[in-house]
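[1] I need the structure of the sequence given here:
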Amino acid sequence: MCTALHRWRKLATRLLDFVYTPQCALCGEVLQDGRALCETCDRDLPRLAAPFCETCGEPFDGRIDGPFQCPNCGECERRYRKPMKWAT
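    Below you'll find the predicted structure:
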């Protein structure tokens, strides 16, 4: 059963790739193997380095030890944890 499902998925993927040629989301280069970015764009894409907010990914300078959440995300979380007056 599992192999039959795998074969159908593979056939469907090949058919879709034939109809809609897969292209890199950044530069438009034709892709292989179900990737979203070509190797060049993937390699050149900047990566986040710690420290950064665990909720939104905003990078921060300095030394931060342990889990960190930026003030913007902390404010949003506090705002939505309060019960709403109309809901009570």
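[2] Could you break the protein into its assigned domains?
    21-46, 51-88 (automatic domain parsing).
[3] can you tell me which of those domains comes nearest to His6?
    Closest to His6 of those is domain 21-46 (C-beta to C-beta; 14.0 Å). Using the backbone N, CA and C atoms, a C-beta is placed for each residue, glycine as well.
[4] now the helices for this structure?
    Assigned by DSSP state H, the chain shows helices spanning 2-19, 39-44, 71-81.
[5] Which of the domains of the chain has the lowest mean pLDDT?
    The weakest mean pLDDT among these belongs to domain 51-88, with a mean of 69.
[6] Please report phi then psi for the nearest residue to Pro51 once chain neighbours are set aside.
    Leaving out its chain neighbours, the residue that sits closest to Pro51 by C-beta to C-beta, 6 or more residues apart in numbering is Ile64, at 3.9 Å. When quoted as degrees, to the nearest 10, the phi and psi of Ile64 stand at phi -130, psi 120.
[7] From Cys56, how far out is Ile64?
    Applying C-beta to C-beta, to the nearest Å, the value for Ile64 to Cys56 is 15 Å.
[8] Kindly report the same for Leu45.
    Separation of Leu45 from Cys56 (C-beta to C-beta): 18 Å.
[9] What count of nearby residues applies to the residue nearest to Pro22 when sequence neighbours are not counted?
    Among residues not flanking Pro22 along the chain, Leu31 sits closest, at 4.3 Å (C-beta to C-beta, 6+ apart). Neighbourhood size, Leu31 [other C-beta atoms under 10 Å]: 17.
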